[in-house]
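# This is a predicted model, with the sequence first.
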Amino acid sequence: MKHRIEALRKIMQENRLDGLFVTKQENWQYLSGFTGTNAILLFTLSDNYFITDFRYLEQAQQETEGFHIIKPRTVVEEALADQITSLGLNRVGFEGDNLTYSQYAGYKEKIPGVELISLFQAVEKIRQIKDEQEIEDLRKAASITDQAFDYILDFIRPGVRESEIALEIEYYMKKQGAQKSAFDIIVASGPRAALPHGVATDKELAAGELVILDFGAVFAGYHADMTRTVVLGKPDADQQKVYDIVLTAQKLALEAVKPDVKCSQVDLVARDFITVNGYGANFGHGLGHSVGLEIHEKPAFAPRDDTVVRQGMAMTVEPGIYLSNWGGVRIEDLVLVTGSGCEILSRSPRELIIL
Ligand SMILES: [Mn+2]
C-alpha cells in the first residue's frame, strides 16, 4: 500500500494541497486494504488518518497499516470535519466525482474557512496501472472464471433455463473461492443474444440457438470478465460466418494491444474489420474496458478514448455483432498489457464450441 499512498502524495503536491480525503469505497480499499463498507481516509503531507464507525473499528485495526484510526463521536463526516479543523488544514482535496452535492454543502458549512478542491479521478488514475498484488488477484479471478466455463459446458443443453445456468455458474465460482459474481451473469440465448447485456431470464434454451455467456469471478476484490458464445447443435452458415468475423476481429485487436498505442486505435482495428465485413452497424459498443476493483474502469478501448495504453493496464477485448430477431456473438478476454504486447489472462478456448 505504501507506494500507492506515495503516488497520492505526489498528486497532493501537484495540486498544492495540505490535505486530501478519500470517500469512494474502491479507492479507500485500494489505499488502505480495508474491506468494510464505511470509511473516510484523510491524508496530510506527513500522516494518514482512518475514520470509520464502531462496527468496523476492530476490523480497521486488523486490515490497515500506517493509519491513525479515529473513532467518531457521532458520524464519520463530523469526525472528518473535526480532524481537518484540529490539524489546521487550509487547502483540502476531495473526490469531486464521488462526493454528492449535499455532502459537499455539509462540509462547506462545517469547515467554512477551508478551501475545498475538487479532484477528478485522482486515485483512479493511480489504479490504472496494476501492481504485482493486483495482477496476482486478477489472475486468480480469471482462472476461477475459466474453471466455471469448463464446468458449465456439460450443463448447457436444450430445455435448460438461462437462469439455471447463471445460478450454476455463480454457485460453482463461489465454491472455487470467488467472493462473488462480478456482475449479474449474462446468459442470452437465441434471439435474446441480440441484447448485448441480456441478463439471464427464465427462457429455456432451444436447439440451434447461439448462447452468449458473459460472467466473471471476483477474487480479493478484483474482477474477471469473460464472454464466450456457444451453439446448440451444428451451426448454420450465418452463425458460423458471424462467429468467424467476431473471432478474427478479436484476434486482430488482441495483436494490436501494446504500450504507446491509443485506446481508440485498438478499438478501430476490430471495428474496421467488422465494418469491412458488413456488420459495422451491429457492433454498437466499445471494444473493451479496464477492470480491477471495479468491473468497469477507465480507460476504455472505445472510439473516443485517446488514452495511451501503458504496461500494467488490465483491459477486456470484446467485439460483438448483434442482429435483431436473430441473435448475436461476442467473444471477450481479459488481458494484461506487458512491455511489448499483452498477456491473455483468460484461457478458455475461443473457437466456436458446439454443444
Ligand atoms: Mn466486459
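That came through fine.

# Now the element after the helix or strand hosting residue 31, going C-ward?
Taking DSSP states H and E as the definition, residue 31 sits inside helix 25-32. Of the helices and strands lying after helix 25-32 in sequence (DSSP H and E), the nearest is strand 40-44.

# which secondary structure elements does that following strand contact?
helix 2-14, strand 19-22, helix 25-32, strand 48-51, helix 76-87 (3 or more CB pairs under 8 Å, 6 or more residues apart in numbering; DSSP states H and E). In short, each C-beta sits where N, CA and C put it, glycine included.

# can you list those in CSV and add mean pLDDT, distance to residue 315 and mean neighbour count?
Converted to CSV, the helices and strands packed on strand 40-44 look like this (pLDDT from 0 to 100; distance: least, CB to CB, whole Å; neighbours: other CB atoms under 10 Å):
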stretch, mean pLDDT, distance to residue 315, mean neighbour count
helix 2-14, 97, 20, 14
strand 19-22, 98, 24, 24
helix 25-32, 98, 17, 21
strand 48-51, 98, 30, 22
helix 76-87, 97, 34, 17
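
# Nearest to the ion, out of those?
For those, the distance to the ion is smallest for helix 25-32, at 17.0 Å, taking CB to the ion.

# Report the inter-axis angle for the closest one versus helix 2-14.
Using axes from the mean of the first three to the mean of the last three CA atoms, to 10 degrees, the inter-axis angle of helix 25-32 relative to helix 2-14 is 110 degrees.

# and helix 25-32, C-alpha only, in PDB?
The C-alpha trace of helix 25-32 is given here as PDB (Å, rounded to 0.1, in the frame of the first residue of the first chain):
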ATOM      1  CA  GLN A  25     -15.100   2.700  -1.400                       C
ATOM      2  CA  GLU A  26     -12.800   1.100  -4.100                       C
ATOM      3  CA  ASN A  27     -10.400   3.900  -3.600                       C
ATOM      4  CA  TRP A  28     -10.100   3.600   0.200                       C
ATOM      5  CA  GLN A  29      -9.900  -0.200  -0.200                       C
ATOM      6  CA  TYR A  30      -7.000   0.300  -2.700                       C
ATOM      7  CA  LEU A  31      -5.200   2.800  -0.400                       C
ATOM      8  CA  SER A  32      -5.700   1.000   3.000                       C
END
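
# For that helix, which helices and strands make contact with it?
So helix 25-32, by 3+ CB pairs under 8 Å, 6+ apart, packs with helix 2-14, strand 40-44, helix 122-127.

# Please list the residues outside it that contact it.
With CB atoms under 8 Å, 6 or more residues apart in numbering as the test, helix 25-32 has contacts from 1, 4-5, 8, 22, 34-35, 37, 39-41, 48, 50, 63-64, 67, 95, 98, 123-124, 126-127, 221, 293-294.

# buried sites along stretch 135-151?
135, 137-149 (16 or more other CB atoms under 10 Å).

# Make a markdown table from the helices and strands packed on helix 25-32 and add distance to the ion to it.
Shown next, in a markdown table, are the helices and strands packed on helix 25-32 (distance: least, CB to the ion, whole Å):
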| stretch | distance to the ion |
| --- | --- |
| helix 2-14 | 25 |
| strand 40-44 | 29 |
| helix 122-127 | 17 |
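
# Tell me how far the helix holding residue 31 lies from the chain's centre.
14 Å (CA atoms, centre = their mean, to the nearest Å).

# and it with strand 40-44, angle?
Using the same axes, to 10 degrees: helix 25-32 against strand 40-44 is 50 degrees.

# Measure how far stretch 106-120 is from the centre of its chain, please.
In terms of CA atoms, centre = their mean, the centre of stretch 106-120 is found 30 Å from the chain centre.

# What are the buried residues along it?
For stretch 106-120, the neighbour count (16+ other CB under 10 Å) marks 107, 111, 114, 116, 117, 119 as buried.

# and what of stretch 259-267?
Within stretch 259-267, the residues that qualify as buried are 259, 263, 264, 266, 267, counting by 16+ other CB under 10 Å.

# ditto for stretch 229-236
So for stretch 229-236, counting by 16+ other CB under 10 Å, buried means 229, 230, 231, 232, 235.

# among these, which are in strands?
Using DSSP state E, 229, 230, 231 are the members of these that sit in strands.

# Can I get these in TSV including distance to the ion and pLDDT?
Output for these, formatted as TSV (distance: CB to the ion, whole Å; pLDDT from 0 to 100):
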residue	distance to the ion	pLDDT
229	14	98
230	18	98
231	21	98
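
# could you dump stretch 130-138 to CSV, C-alpha only?
Taking Å, rounded to 0.1, in the frame of the first residue of the first chain, the C-alpha atoms of stretch 130-138 are listed here in CSV:
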residue,chain,number,x,y,z
LYS,A,130,-1.9,-2.7,-11.7
ASP,A,131,0.8,-3.7,-9.3
GLU,A,132,2.1,-7.2,-8.6
GLN,A,133,-0.5,-8.0,-5.9
GLU,A,134,-3.3,-6.8,-8.1
ILE,A,135,-2.1,-8.8,-11.1
GLU,A,136,-2.0,-11.9,-8.9
ASP,A,137,-5.6,-11.4,-7.8
LEU,A,138,-6.7,-10.7,-11.3
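
# who in this protein is up against the ion?
225, 316 (CB under 5 Å from the ion).

# Name the residue closest to the centre of the chain, please.
The residue lying closest to the centre of the chain (CA atoms, centre = their mean) is residue 295, at 2.1 Å.

# one step back: which one, of the helices and strands packed on strand 40-44, ends up nearest to residue 157?
Nearest to residue 157 among the helices and strands packed on strand 40-44 is helix 25-32 (38.4 Å), distances taken as CB to CB.
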